[in-house]
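**Q** got a sequence here, can you build the structure:
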Amino acid sequence: QRPPADEMVMVLNGLDTDFDTENNFYAANTIPFYYQHHPIQINTNELIRIYVVNMVEFDPINNFHLHGNLYKYYPTGTDIVPSFYTDMITLSQTERGIMEFEYTYPGKYLFHAHKVEFSEKGWVGIFLVTDNEEQKESESYGT
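**A** I've put the predicted structure just below:
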């Protein structure tokens, strides 16, 4: 059994808007650039678990690069022991896995495809990491 975590799903996809069998946009969870303009908020020192699946059609590979941190990666998510400790994975079509990481310091941390075309066409986002100590103190004192 995996330890408790802040869990999310990221479906990596491409959008062929003119039906020419070439993707015009790329994204995590369908909307290009969404997480760049609406960062995913997470807390420092909290385990984050991402179930990632590459559903990009017309391109044989995709990847996921995390800035400022490394993550444990479990290909297909069928093992309790991670196969990699890295900041970037490459995924073939329909490949999936689980990523786990924690940030120690608050800040904005980029995540994106390392295939430049994908990033330029929308597959880019930001984690907004906040220090949750103030929130914990507030909850403890009831203020």
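**Q** residue 33 versus residue 72, what's the distance?
**A** Distance of residue 72 to residue 33, computed by CB to CB, to the nearest Å: 28 Å. For glycine as for every other residue, the C-beta is placed from the backbone atoms N, C-alpha and C.
**Q** same check, this time on residue 13
**A** On the measure of CB to CB, residue 13 and residue 33 end up 14 Å apart.
**Q** need the residues touching each of the two.
**A** Counting by CB atoms under 8 Å, 6 or more residues apart in numbering, the contacts common to residue 13 and residue 33 are residue 27.
**Q** which one's more surrounded, the two?
**A** Each of residue 13 and residue 33 has its neighbours counted (other CB atoms under 10 Å); residue 13 has more, 22 against 16.
**Q** excluding chain neighbours, give the residue nearest to the more buried one in space.
**A** residue 55 (4.8 Å; CB to CB, 6 or more residues apart in numbering).
**Q** the nearest residue to residue 70 once chain neighbours are set aside: neighbouring residues, count only.
**A** Nearest residue to residue 70, sequence neighbours excluded (CB to CB, 6+ apart): residue 87, at 5.2 Å. Neighbourhood size, residue 87 [other CB under 10 Å]: 17.
**Q** regarding stretch 81-97, how distant is the last residue from the first?
**A** Start-to-end span of stretch 81-97 (CA to CA, to the nearest Å) is 12 Å.
**Q** ok now that stretch, how far from the chain's centre?
**A** 11 Å (CA atoms, centre = their mean, to the nearest Å).
**Q** got it, and stretch 77-94?
**A** 12 Å.
**Q** begin at 544 from here
**A** Let's use 544 as the start, then, which means that last one is stretch 620-637.
**Q** list the buried residues in that stretch.
**A** Neighbour-count burial for stretch 620-637, counted by 16 or more other CB atoms under 10 Å, picks out 620, 625, 630-632, 634.
**Q** pretty sure residue 632 sits against residue 606.
**A** Yes - between residue 632 and residue 606 there is a contact at 6.2 Å, judged by CB atoms under 8 Å.
**Q** grab the longest strand from the chain for me.
**A** Determined from DSSP state E, the single longest strand within the chain is strand 549-558.
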